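Asker: kindly return the folded structure for what I paste below:
(one chain, ligands or ions: 1)
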Amino acid sequence: MVNVGILGATGMVGQRFIELLADHPNFEVTALTASSRSAGKRYEDAVTWHLESKIPEAIQDTIVVDADPGQVKDVEIVFSALPTQHAAVVEPKFAEAGMKVASNASAMRMEPDVPLVVPEVNPEHLDLIETQQRKRGWDGFIVTNPNCSTIALVMTLKPLYDQFNIKRVYVSTMQAVSGAGYNGVPSMAIVDNLVPFIGDEEEKMESETLHLLGDFDGTSVTDANFGVSASCHRVAVLDGHTEAVFIEMEDDFEVDEIKQSFSNFNGLPQKLKLHSAPENPVVIREELNRPQPRMDRMAGDGMAVSVGRIRKDQAFKNGLKYILVGHNTIRGAAGASILNAELINEIM
Ligand SMILES: NC(=O)c1ccc[n+]([C@@H]2O[C@H](COP(=O)([O-])OP(=O)(O)OC[C@H]3O[C@@H](n4cnc5c(N)ncnc54)[C@H](OP(=O)(O)O)[C@@H]3O)[C@@H](O)[C@H]2O)c1
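Answerer: Residues are numbered from 1 along each chain as shown. I've put the predicted structure just below:
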């Protein structure tokens with residue numbers, strides 16, 4: 001077993017890490033960190049638990065410590081669910097201390113020597129780790145996963161990008177409140193309402209998508225070259241981001257070819273049979289009223305993206321449109337970091 005720690009263990013994403021790692025065949029949670037408000041307390045006393053599952057027994061009595069590598073002993077991998085501004089300071093300290101950091105935070109994602117990875121999409125970008133360690137003189141390293149709405153989008157774009165010429169992508173999101181953390185969106189702002197703005201989200205979706213699909217030459221990534229336009233909105237759903245996707249292709253296509261492309265899609269995690277890898281990363285729903293967050297967010301134990309209403313868009317030449325749903329705190333956050341760590345554990 002590999003000993004692992006969780007940075008930001010009391011937050012929304014931190015709780016998902018604990019839930020998903022509870023019976024993990026390769027990883028054992030031996031360290032939990034949070035802010036100084038929680039440090040020194042038993043986990044059960046420090047956390048306000050929001051998930052339907054119970055706090056795993058083995059975790060309840062664990063004493064939460066400060067996010068300081070000196071306080072996290074005998075740990076090989078740390079999963080980071082820190083707020084971005086703290087991640088920028090704390091994650092490099094853990095990497096410098098020799099630990100492998102699998103991060104959810106956006107702080108280091110677009111650094112040229114930090115891999116931004118979705119294992120089914122661009123596992124080869126992990127080779128950047130060597131450059132990172134050489135350049136920064138670290139024994140450990142930082143690997144990141146993209147923002148929650150980007151992950152779901154890019155898992156559906158990858159098979160299309162490999163098979164067709166994408167000219168432009170427009171995406172309009174309907175994002176769950178858990179994506180903002182427990183205290184993120186006041187109930188008075190979201191009940192009977194929709195908030196048509198999520199800070200920095202559109203910029204992240206536009207830049208991270210092109211980076212993930214970019215070419216890696218062994219030392220650096222050149223971003224993919226097509227237009228991405230995102231409009232991001234918060235809706236009164238607890239978990240599960242929905243996205244309406246509109247794509248302009250260079251060439252004509254048949255809807256059946258698109259469906260084939262989605263249903264044939266898989267990657268290294270499926271070939272290696274990694275513990276958290278969904279059998280089918282993209283699940284097609286044929287019902288006219290699917291996918292829906294409440295019904296489809298747990299597809300593939302929350303690690304698959306569900307796609308439906310796949311149809312031609314007559315407003316563009318060679319236009320395609322579809323709807324997708326992905327679980328934002330599983331595939332879009334904790335599960336994504338865990339899959340990255342499983343892949344690293346297997347191949348490095
Ligand atoms: N929620 C999602 O769907 C989602 C998806 C993708 C990525 N992310 C990213 O994941 C990260 C965590 O998000 P979240 O929604 O879980 O946030 P959250 O619920 O606000 O949790 C934040 C965690 O960080 C700890 N923390 C706060 N200030 C700290 C400090 N100064 N030093 C050390 N630890 C500190 C908190 O501990 P205390 O309990 O002691 O305050 C808590 O454990 C963010 O970077 C977010 O952007 C979230």
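Asker: count of neighbours near the nearest residue to Ala97 once chain neighbours are set aside?
Answerer: Nearest non-adjacent residue to Ala97, counting by C-beta to C-beta, 6 or more residues apart in numbering: Pro69, 3.8 Å away. Every residue, glycine included, has its C-beta placed from N, CA and C. For Pro69, the neighbour count with other C-beta atoms under 10 Å is 19.
Asker: wouldn't Pro69 be in contact with Lys93 here?
Answerer: Yes - between Pro69 and Lys93 a contact is recorded at 5.4 Å, counting by C-beta atoms under 8 Å.
Asker: that older thread, quick check: the gap between the residue nearest to Ala97 and the ligand.
Answerer: Distance of Pro69 to the ligand, computed by C-beta to the nearest ligand atom, to the nearest Å: 12 Å.
Asker: and if you look at Phe94?
Answerer: Look at Phe94 and the ligand: by C-beta to the nearest ligand atom, they are 12 Å apart.
Asker: try Asp239
Answerer: Per C-beta to the nearest ligand atom, Asp239 is found 8 Å from the ligand.
Asker: next: Met295.
Answerer: Look at Met295 and the ligand: by C-beta to the nearest ligand atom, they are 19 Å apart.
Asker: so which strand or helix has that residue?
Answerer: Using DSSP states H and E, Met295 sits in helix 293-296.
Asker: would you mind measuring the gap between the ends of stretch 278-298?
Answerer: With C-alpha to C-alpha, to the nearest Å as the measure, stretch 278-298 spans 11 Å from end to end.
Asker: what average pLDDT does that stretch get?
Answerer: Stretch 278-298 shows a mean pLDDT of 98 in the predicted model.
Asker: just to revisit the earlier point, how about the helix holding Met295: buried residues?
Answerer: 293, 296 (16 or more other C-beta atoms under 10 Å).
Asker: just stretch 172-185 next, same as before
Answerer: In stretch 172-185, counting by 16+ other C-beta under 10 Å, buried: 173-180, 185.
Asker: which residues of the stretch 101-250 of the chain fall in strands?
Answerer: 141-144, 166-174, 215-216, 221-222, 227-231, 241-249 (DSSP state E, counting those that start in this stretch).
Asker: surely Ala277 is in contact with Asn340?
Answerer: No - using C-beta under 8 Å, Ala277 is not in contact with Asn340, being 11.4 Å away.
Asker: give me the residue from the chain nearest the ligand.
Answerer: Closest approach of the chain to the ligand (C-beta to the nearest ligand atom) occurs at Gly11, with a separation of 1.9 Å.
Asker: quick one: residues contacting the nearest residue in space to that residue that is not next to it in sequence.
Answerer: Leaving out its chain neighbours, the residue that sits closest to Gly11 by C-beta to C-beta, 6+ apart is Ala81, at 5.4 Å. Listed by C-beta atoms under 8 Å, 6 or more residues apart in numbering, the contact set of Ala81 reads 6-9, 11-14, 16-17, 104-105, 333-334.
Asker: narrow these to those in strands?
Answerer: Using DSSP state E, the members of the contacts of Ala81 that fall within strands are 6-7.
Asker: next step: the contacts of Ala81 restricted to helices.
Answerer: Among these, the residues falling in helices (DSSP state H) are 12-14, 16-17.
Asker: turn those into CSV, including pLDDT, neighbour count and distance to Tyr161.
Answerer: CSV is the format used below for the ones in helices among the contacts of Ala81 (pLDDT from 0 to 100; neighbours: other C-beta atoms under 10 Å; distance: C-beta to C-beta, whole Å):
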residue, pLDDT, neighbour count, distance to Tyr161
Met12, 91, 23, 31
Val13, 94, 27, 28
Gly14, 97, 25, 33
Arg16, 97, 30, 28
Phe17, 98, 30, 30
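Asker: biggest separation within the residues you listed, which pair?
Answerer: Greatest spatial distance in the ones in helices among the contacts of Ala81: Met12 and Phe17, 10.2 Å, computed using C-beta to C-beta.
Asker: and this protein, which residues reach the ligand?
Answerer: Neighbours of the ligand within the chain, by C-beta under 6 Å from any ligand atom: 8-14, 34-35, 37-38, 67, 81-84, 86-87, 104-105, 147-148, 178-179, 181-182, 328-329, 332-333.
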